[in-house]
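In: Provided below for reference: sequence and predicted model.
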Amino acid sequence: MPVNIPRDLPARAILEGEGIFVMSDERARSQDIRPLRIAILNLMPTKQATETQLLRVLGSTPLQVEVTLLHMASHASRNTPPEHLEAFYATFADVADQYFDGMIVTGAPIERLDFEDVDYWPEMAQILDWSIEHVYSTIHICWGAQAALYRHHGVAKYELPEKLSGVYPHRVLRPESALLRGFDDVLAVPQSRYTEVRADDIEATGALDVLAVGDEAGVLLAATPDLRQVFVTGHPEYDRDTLDREYRRDLEVESAPAVPANYYPDDDPGREPAVTWRGHGVLLYANWLNHCVYQRVPFEP
């Protein structure tokens with residue numbers, strides 16, 4: 001089944017070229033079915049790339065999804081054309097009185113800042129608080145996960161000695177979780193961050209379960225027992241070349257950034273990396289949509 005996105009969204013042509021089933025608003029309205037309403041709060045500077053990554057995994061599931069893209073009204077994006085935001089995005093004020101079956105909160109390359117020093121933190125905090133009553137299940141990614149863990153549960157983040165960048169193995173701790181159905185015992189997931197949250201702090205809340213961890217990368221997945229709040233510290237949605245583009249960007253501002261671990265063949269940045277995480281990435285979002293949203297959300301036609 002398709003993901004329902006605007007006809008002119010640039011991601012549409014990319015996804016159609018990959019065989020991902022997408023549908024226009026007009027076609028969706030002609031069908032006698034209630035799609036899942038999913039909001040994507042896109043905090044990434046390269047919004048169009050992130051849209052495509054997330055729509056790809058959502059479009060690989062058997063459920064029809066209607067997507068609403070959101071951006072921060074209190075922050076001026078320097079890397080996304082204003083015309084794109086005007087055409088395809090809404091702000092929190094536009095949807096504050098609405099309800100969504102699910103929401104995705106992306107990461108943002110600002111994890112070295114204290115939360116309160118982020119220019120849009122008041123709006124971010126408002127949206128996170130709003131999501132408790134207005135969204136059935138929310139999946140938070142990378143900095144979005146750290147921000148939500150801090151806002152909802154008081155979990156601190158800690159700066160790492162150096163950037164964690166690469167594709168790392170993580171062990172499944174709770175295979176019985178609906179979020180991890182069909183998973184192997186070990187899953188590879190891209191990580192790209194300067195900070196971490198710690199399992200002991202998460203477990204100390206008494207309100208969260210740690211679902212997957214890595215020896216090098218630490219906590220990967222945590223969630224509330226009812227799976228209405230899901231926290232993912234890595235990027236299972238990343239494209240083949242995303243870590244490569246980030247590494248090339250780091251080379252422009254740092255003298256010798258670490259080569260992303262377990263990514264390039266023989267750790268050679270001149271060679272094309274192999275995708276080793278896509279299957280688990282698609283399955284994670286499929287399980288979230290099916291077991292955390294579709295199977296649980298109260299149905300209203």
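Out: That came through, no problem.
In: Let me see the ranges of the strands in the stretch 51-200 of the chain.
Out: Ranges of strands in the stretch 51-200 of the chain, per DSSP state E, counting those that start in this stretch, are 65-70, 89-90, 100-105, 135-141, 158-172, 186-196.
In: any residues touching the longest one, and which ones?
Out: Just to be clear, that refers to strand 158-172. For strand 158-172, contacts defined as Cβ atoms under 8 Å, 6 or more residues apart in numbering pick out 112, 180, 183-198, 211-217, 220-221, 234, 243, 246-247, 250, 257-258, 260-263, 276-277. Every residue, glycine included, has its C-beta placed from N, CA and C.
In: and E246, how many neighbours does it have?
Out: 18 (other Cβ atoms under 10 Å).
In: my guess is it contacts S192, does it?
Out: Yes: counting by Cβ atoms under 8 Å, E246 touches S192, with 5.9 Å between them.
In: what do the two both touch?
Out: In contact with both E246 and S192: S165, P260, using Cβ under 8 Å, 6+ apart.
In: Listing request: residues of the protein with sub-threshold pLDDT.
Out: Applying pLDDT under 70 to the chain flags residues 1-5, 7, 11-12, 15-16, 18-33, 299-301.
In: try 90
Out: Scanning the chain for pLDDT under 90 picks out the ranges 1-35, 46, 59-64, 76-81, 253-257, 294-301.
In: List the contacts of the helix of greatest length in it.
Out: Counting residues, the longest helix found in the chain (DSSP state H) is helix 121-134. If you take Cβ under 8 Å, 6+ apart as the criterion, helix 121-134 is touched by 41, 72-75, 92, 96, 98-100, 103, 105, 115, 118, 138, 147-148, 151-152.
In: circling back to that earlier point, give me the subset of the contacts of strand 158-172 lying in helices.
Out: The members of the contacts of strand 158-172 that map onto helices under DSSP H are L243, E246, Y247, D250.
In: Verify the stated contact: L220 with G234.
Out: Yes: between L220 and G234 there is a contact at 5.6 Å, judged by Cβ under 8 Å.
In: okay, the two: which has more neighbours?
Out: Each of L220 and G234 has its neighbours counted (other Cβ under 10 Å); G234 has more, 29 against 25.
In: separation between the residue lying closest to that one once chain neighbours are set aside and A223?
Out: In space, G234 comes closest to V189 once its chain neighbours are excluded; the distance is 4.0 Å by Cβ to Cβ, 6 or more residues apart in numbering. To A223, V189 is 15 Å away according to Cβ to Cβ, to the nearest Å.
In: With Q53 instead?
Out: 21 Å.
In: cool, and T276?
Out: From T276 across to A223, the span is 24 Å (Cβ to Cβ).
In: more neighbours, these two?
Out: A223 (26 against 16).
In: residues contacting that one?
Out: Contact analysis of A223 by Cβ under 8 Å, 6+ apart lists S177, L179, L208, D209, L211, Q229, V230, F231.
In: Kindly report the same for R174.
Out: L180, D209, V210, L211, A212.
In: farthest-separated two in those residues?
Out: Farthest-apart pair in the contacts of R174 is L180 and V210; separation 11.9 Å (Cβ to Cβ).
In: State the distance from G144 to T68.
Out: Taking Cβ to Cβ, one finds G144 at 16 Å from T68.
In: Which one of the two is surrounded by more residues?
Out: Under the criterion of other Cβ under 10 Å, the comparison of G144 against T68 puts G144 first, with 25 against 17.
In: any idea how far that one lies from V230?
Out: With distances taken as Cβ to Cβ, G144 is found 11 Å from V230.
In: what's the answer for N42, then?
Out: Computed with Cβ to Cβ, the distance linking N42 and V230 is 17 Å.
In: just the angle between the strand or helix carrying L283 and strand 135-141, please?
Out: Assigned by DSSP states H and E, L283 belongs to helix 278-287. Put simply, helix 278-287 runs at 160 degrees to strand 135-141, going by axes from the mean of the first three to the mean of the last three Cα atoms, to 10 degrees.
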